[in-house]
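In: can't give you the sequence, but here's the structure:
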DNA sequence: GTAGGGTTAG
């Protein structure tokens, strides 16, 4: 039928006017609905030009259909210009453009149009409400949501299932369980969508038991589960770490044929990943027929969670090379910590470069929490990779700094040994009225520790509570113990451990022990090492330390005792490991490891270094 | 002609 219409274009205008009838108009509209998907834009545009030529645009029906067609083809600006050109748009046109903006992830414009609609006195109906609710809840505007809810009773659409489920979803998203439940209770029936809104809503705010209770009731009601139910249930099981029932759902998914749903598979990948069943997650990813950006992001997340940072970077490269999916904010946030862990500066820089070209993390002027978060991750990466200059550049240029941004800079400078720079950042942080928190002081105290600023460090520790209202934790004391120990003030450090109001942990004793060994205090070292073993008997390093301490003071009998003890308790020494980023990738070396292809060259170089340093070779 | 419920990072 539409072929006939398109052929009209080649005929003369006179014939067209005679040919166009109401039937043709209806056909145009029907065809527009067919073309309202992302692949048929050209056909839709052809119809649009016909409608212009033949004066169809006066029809409110065509306006709505065109808006819908352009929206679903992701040409929202064309949809909006059709809307703007129409004369006094009716409720259909308003609903279509609001829905269009939401379809294209533009929530704020959707809200603006809705407000215009109210201002113009166009009546809101049961189609308008679910869209607007979605926009308000998506934009985090709880007051907007409540205003619409008031309106719903006035308009008399409070019994509508679409309206009701959108509010259930909206309220639960804000953690307003009572309000959500009230809407749920007052609805005339309970369909699968409503149940899903309850299950997913509870899942999102972590109310696992309520979500599972809804699942039971849904089945008790004789409702048939849908794909949406499956993803909701999977996210609950993921939260519970319940891989056993997760496997059950996996079986059900296969049986019901839901496996063809991308989101269902993505949720399965996520569930297996978070439950540490990495093999199962990888298997699903490989056999999935259709993948989307979630699938990639999820599988990258699986590698990141399994601690396989190299694998994470390799997958990111695969994603870039493959070209089917553009890494987005989530991808970058997942991959950057892998660079930080590996101190893989080159990869980190590449990702940062990619972000700049794609405008990720930079929505000029719009204060987005996501932008702050991602820029913090970039700064952290540069800091951990030792490039404070770059970290500082990102910091200077980013808008919307939060306390984490300041803390990352302080910690970055501290770790690289730039104590005074760290303290400068701290002063500026206080000048901008940003309130320092626990993390800030961990940074400040490590800065003092790494740069030997003993007096300053002691001052900060005493001012923390009185001046900044932050109560020192074991981490803060550990920094100070470390600081005193490095400066050789062993007695002061020991005194602080005895006097402080909290119990010392193994990390603290370990830091103290290291200082005792460096400064050659065997007596205090013995006290420390006993504490370390007492607090962490399962940690292999404790025994190694103990035998080293006894060895250093010449007490070889004790050394044998410790080694014997280790054998009896079946404690094995885990291998030390280091890595370096060089040209084509990250190279990992274990203790005594001879697996590297350039092993001979490396060990020759090592031997000559030992010679230069006047040391005998020990490895 | 217009509408509700889903999965990924921290």
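Out: All right, it came through fine. From a predicted model like this one, the values you see are computed outputs, not experimental measurements.
In: which residue packs closest to residue A:130, ignoring adjacent ones?
Out: residue A:166 (3.9 Å; C-beta to C-beta, 6 or more residues apart in numbering). For glycine as for every other residue, the C-beta is placed from the backbone atoms N, C-alpha and C.
In: Can the host helix or strand of the one you found be said to contact DNA strand B?
Out: In this structure, residue A:166 sits in helix A:161-173 according to DSSP states H and E. Yes. Counting by C-beta under 7 Å from any atom of the strand, DNA strand B has neighbours in helix A:161-173: A:161-166, A:169.
In: For the buried ones among the residues you listed, write the corresponding ChimeraX selection.
Out: A single ChimeraX command selects the buried members of the residues of helix A:161-173 next to DNA strand B (16 or more other C-beta atoms under 10 Å):
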select /A:161,163,164,165,166,169
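In: Columns pLDDT on top of the residues of helix A:161-173 next to DNA strand B, output as JSON lines?
Out: Converted to JSON lines, these look like this (pLDDT from 0 to 100):
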{"residue": "A:161", "pLDDT": "98"}
{"residue": "A:162", "pLDDT": "98"}
{"residue": "A:163", "pLDDT": "98"}
{"residue": "A:164", "pLDDT": "98"}
{"residue": "A:165", "pLDDT": "98"}
{"residue": "A:166", "pLDDT": "98"}
{"residue": "A:169", "pLDDT": "97"}
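In: What helix or strand is the residue of the stretch 451-600 of chain A found nearest DNA strand B located in?
Out: Nearest residue of the stretch 451-600 of chain A to DNA strand B (C-beta to the nearest atom of the strand) works out as residue A:475 at 17.2 Å. If you go by DSSP H and E, residue A:475 is part of helix A:474-486.
In: excluding its backbone neighbours, what's nearest residue A:478?
Out: In space, residue A:478 is closest to residue A:508, 4.5 Å off (C-beta to C-beta, 6+ apart).
In: OK, contacts around that neighbour?
Out: A:474, A:477-478, A:481, A:497 (C-beta atoms under 8 Å, 6 or more residues apart in numbering).
In: residues touching residue A:532, list them.
Out: Here residue A:532 is in contact with A:506, A:509-510, A:513, A:542, A:545-546 (C-beta under 8 Å, 6+ apart).
In: burial of residue A:387, as a residue count?
Out: 18 (other C-beta atoms under 10 Å).
In: next one: phi and psi at it?
Out: When read as degrees, to the nearest 10, the backbone of residue A:387 gives phi -110, psi 80.
In: wait, doesn't it sit right on residue A:345?
Out: Yes. Counting by C-beta atoms under 8 Å, residue A:345 is a contact partner of residue A:387 at 6.2 Å.
In: Chain A - how does it break down into domains?
Out: Domains of chain A are assigned by automatic domain parsing as A:1-123, A:473-574, A:577-613.
In: Make TSV from those and add mean pLDDT to it.
Out: Listed next are these as TSV, based on pLDDT from 0 to 100:
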stretch	mean pLDDT
domain A:1-123	82
domain A:473-574	83
domain A:577-613	73
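In: May I see those domains organised as a markdown table, with distance to residue A:413 added?
Out: Shown next, in a markdown table, are these (distance: least, C-beta to C-beta, whole Å):
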| stretch | distance to residue A:413 |
| --- | --- |
| domain A:1-123 | 38 |
| domain A:473-574 | 14 |
| domain A:577-613 | 22 |
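In: For residue A:91, list the residues it contacts.
Out: So residue A:91 contacts A:122-125, A:127-128 (C-beta under 8 Å, 6+ apart).
In: Of the residues you listed, just say which sits nearest to DNA strand B.
Out: residue A:127 (3.5 Å).
In: After the helix or strand hosting residue A:197, heading C-terminal, what element do we hit next?
Out: Taking DSSP H and E as the definition, one finds residue A:197 inside helix A:192-204. If you walk from helix A:192-204 toward the C-terminus, the next helix or strand you reach (DSSP H and E) is helix A:208-220.
In: all strands for chain A, in order.
Out: Using DSSP state E, the strands of chain A run over A:577-582, A:585-590.
In: now the residues of helix A:161-173 next to DNA strand B as CSV including distance to residue A:487?
Out: Formatted as CSV, those follow (distance: C-beta to C-beta, whole Å):
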residue, distance to residue A:487
A:161, 70
A:162, 69
A:163, 68
A:164, 67
A:165, 64
A:166, 63
A:169, 58
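In: How confident was the prediction at the closest residue to residue A:320 other than its chain neighbours?
Out: Leaving aside its sequence neighbours, residue A:320 sits nearest to residue A:327 (C-beta to C-beta, 6+ apart; 6.9 Å). At residue A:327, the model reports a pLDDT of 93.
In: how much space between residue A:327 and residue A:282?
Out: Here the criterion is C-beta to C-beta, to the nearest Å. By it, residue A:327 lies 20 Å from residue A:282.
In: So for those two, which sits in the more crowded spot?
Out: Taking neighbours as other C-beta under 10 Å, residue A:327 and residue A:282 compare with residue A:327 leading, 21 against 18.
In: re earlier: for the helix holding residue A:197, the averaged confidence score.
Out: Mean predicted confidence for helix A:192-204 is 96.
In: Do that helix and DNA strand B come into contact?
Out: Yes. For helix A:192-204, a contact with DNA strand B is found by C-beta under 7 Å from any atom of the strand, at A:192-194, A:196-197, A:200, A:203-204.
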